[in-house]
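Chemist: return atomic coordinates for the entry below.
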Amino acid sequence: MAISASTLELVAARADEGRRNRRIADDVVNAVIAEGLIRHFTPVAHGGLEGKPQDFFLDQIAIAEADMSTAWALGIIAVHNYQIALMDPRAQAEVWAPGPDAMVSSSYNPVGACAQAVEGGVMLSGRWGWSSGSLHCNWVLLGGVIPEEGYRTFLVSATDYRIEDTWYTMGLQATGSNDIVIDTPVFVPDYRTHRQIDGFLGVHHQPPGYYDLPWAQVFIRVVNTSAIGAVRHALSLFRDRVGLGTTDMTKSAGDPDVLDRIARASLLAETSAKVMVRNFEEMEAAGFKPSILDRVRYRYEASLVGDRCIEAMDLLMDVAGGRSVYTGNAFQDLWHDVRMARAHVANNPAGFARNYGAVLMGAENTDMFL
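Modeler: Below is the predicted model of the structure:
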């Protein structure tokens, strides 16, 4: 699958509007749905594509070249259909009853959650932040810890929560990553929950094969891959001198420092993209059952994308010209977007580096989300 030029043009044309409105324009959402991105991970049995992860993320990069917010939010929404596919068939039937393009947002951070086990399910309430694209969705996946049991994800219908408008940020404005609030506890049946240990062990309700790939290996890529597209976008601004300090390209073309920075920035982004593709090809070659050591390595490599893309953007920002300091400048917006992505906990490599180093030295893995 490849996103059409006409859809990418629409994404780019609506980007400023989305930033102002702090949500993706509806016609952009509909166009991306029509391209098949949302059903990419939906099972064929439910009308989906069961497409290769690397193809999905290459599409996400392409969308991010037009607008990183659109790629971020709709990528996250789409990737949730992979997790839904791992859940109880009753949950799958409910979510995909209207069709394969289920729109599901998430907030996995359990800090504001209250989850109490009861007969047949869980009573759930609380507040969850950063639910990207939630204004476009009919369901949400919420993280919570059940006392004496551990972490689960809870699938909740839009009829059981409200969205609070909190998304006033320096970047990624159009993602509309608002808060999800459940004021009065709601009952979530067990079949609409996903245990963290099941995700780690690869327990699911699909035929052997495609869905044996650990859920976390898919999700961890969706919150950093769009930054690669943003760097490509920034490089295109340099090429075309859009919004920069001079319109005389010969000045940049003859400046060895600028050319060195452009080369290094491009290499940081393109190497990140190639590592992503290589990793998923390795997973496929392993029958979608990579070893723990490889899973730990993939987890660490994914976490490095944010830092590498920030490095690329900083290399360019230093020579972006005087106009880049003005609010609303296209280059500055991209610079902020990439820094926003790095703020996601999955893009902080410190802990993943320690775990990878420890496993290499013979210690046990300590990360249950990989």
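
Chemist: quick check: buried residues in stretch 167-176?
Modeler: By neighbour count on 16 or more other CB atoms under 10 Å, the buried set for stretch 167-176 is 167, 171-176. For the C-beta atoms, the positions are set from N, CA and C on the backbone; glycine is no exception.

Chemist: whoops, I mixed them up, stretch 89-101
Modeler: 91-92, 94-96, 100-101.

Chemist: select the longest helix from this protein.
Modeler: Longest helix in the chain, counting residues (DSSP state H): helix 256-285.

Chemist: tell me how far the closest residue to residue 65 other than its chain neighbours lies from residue 147.
Modeler: The shortest distance from residue 65 to any non-neighbouring residue, by CB to CB, 6 or more residues apart in numbering, is to residue 229 (4.4 Å). With distances taken as CB to CB, to the nearest Å, residue 229 is found 41 Å from residue 147.

Chemist: which of the two has more residues huddled nearby?
Modeler: The residue with more neighbours, out of residue 229 and residue 147, is residue 229; 28 against 8, by other CB atoms under 10 Å.

Chemist: next, that one: phi, psi?
Modeler: phi -60, psi -40 (degrees, to the nearest 10).

Chemist: off-centre distance for the helix or strand encompassing residue 179?
Modeler: Applying DSSP states H and E as the criterion places residue 179 in strand 178-189. From the chain centre to the centre of strand 178-189 is a distance of 23 Å (CA atoms, centre = their mean, to the nearest Å).

Chemist: likewise for stretch 353-361?
Modeler: 25 Å.

Chemist: check stretch 184-198 too.
Modeler: 22 Å.

Chemist: what does stretch 25-33 give?
Modeler: On CA atoms, centre = their mean, the centre of stretch 25-33 falls 18 Å from the chain's centre.

Chemist: what lies in contact with that stretch?
Modeler: Where contact means CB atoms under 8 Å, 6 or more residues apart in numbering, the residues beyond stretch 25-33 that reach it are 3, 7, 10-11, 14, 17-18, 38, 63, 70, 74, 101, 136.

Chemist: check stretch 111-119 too.
Modeler: 122-129, 142-147, 149, 152, 154, 185, 187.

Chemist: among those, which are in strands?
Modeler: 122-129, 142-146, 152, 154, 185, 187 (DSSP state E).

Chemist: what subset of these is buried?
Modeler: By 16+ other CB under 10 Å, these give 122, 124-128, 142-144, 146, 152, 154, 185 as buried.

Chemist: quick check, nearest of those to residue 108?
Modeler: Closest approach between these and residue 108, by CB to CB: residue 143, at 3.9 Å.

Chemist: quick check: closest non-adjacent residue to the closest one.
Modeler: Going by CB to CB, 6+ apart, residue 143 has residue 108 as its nearest residue, at 3.9 Å.

Chemist: show me the contacts for the one you found.
Modeler: With CB under 8 Å, 6+ apart, residue 108 has these contacts: 141-143, 153.

Chemist: still on that earlier bit, give me the buried stretch members for the strand holding residue 179, please.
Modeler: Here strand 178-189 shows 178-180, 182, 185-186, 188 as buried, counting by 16+ other CB under 10 Å.

Chemist: for stretch 148-161, same thing?
Modeler: 151-156, 158, 161.

Chemist: again, but for stretch 352-370
Modeler: Here stretch 352-370 shows 352, 355-356, 359, 365, 367, 369-370 as buried, counting by 16+ other CB under 10 Å.

Chemist: got the contact list for it?
Modeler: Counting by CB under 8 Å, 6+ apart, 151, 196-197, 199-200, 214, 216-217, 220, 292-293, 295-300, 303, 351 sit against stretch 352-370.

Chemist: thinking again about what came up before, got the buried residues of stretch 352-370 as a markdown table, with distance to residue 259 and secondary structure columns?
Modeler: Supplementary listing: the buried residues of stretch 352-370 in a markdown table, determined by distance: CB to CB, whole Å; DSSP: H, G, I helix; E, B strand; the rest coil:
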| residue | distance to residue 259 | secondary structure |
| --- | --- | --- |
| 352 | 33 | helix |
| 355 | 38 | helix |
| 356 | 34 | helix |
| 359 | 40 | helix |
| 365 | 43 | coil |
| 367 | 40 | coil |
| 369 | 41 | coil |
| 370 | 39 | coil |
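
Chemist: give the rounded mean pLDDT of the following helix or strand past the strand holding residue 179.
Modeler: Downstream of strand 178-189, the next assigned helix or strand under DSSP H and E is strand 193-195. In this model, strand 193-195 has a mean pLDDT of 98.

Chemist: so what strands line up beside strand 193-195?
Modeler: If you go by DSSP bridges, strand 193-195 pairs up with strand 150-157 (antiparallel).

Chemist: just to revisit the earlier point, how about residues contacting the strand holding residue 179?
Modeler: Residues contacting strand 178-189 (CB under 8 Å, 6+ apart): 105, 107, 114, 116, 118, 120-129, 131, 134-135, 140, 142, 154-156, 160-167.

Chemist: could you tell me the angle between that strand and strand 150-157?
Modeler: 100 degrees (axes from the mean of the first three to the mean of the last three CA atoms, to 10 degrees).
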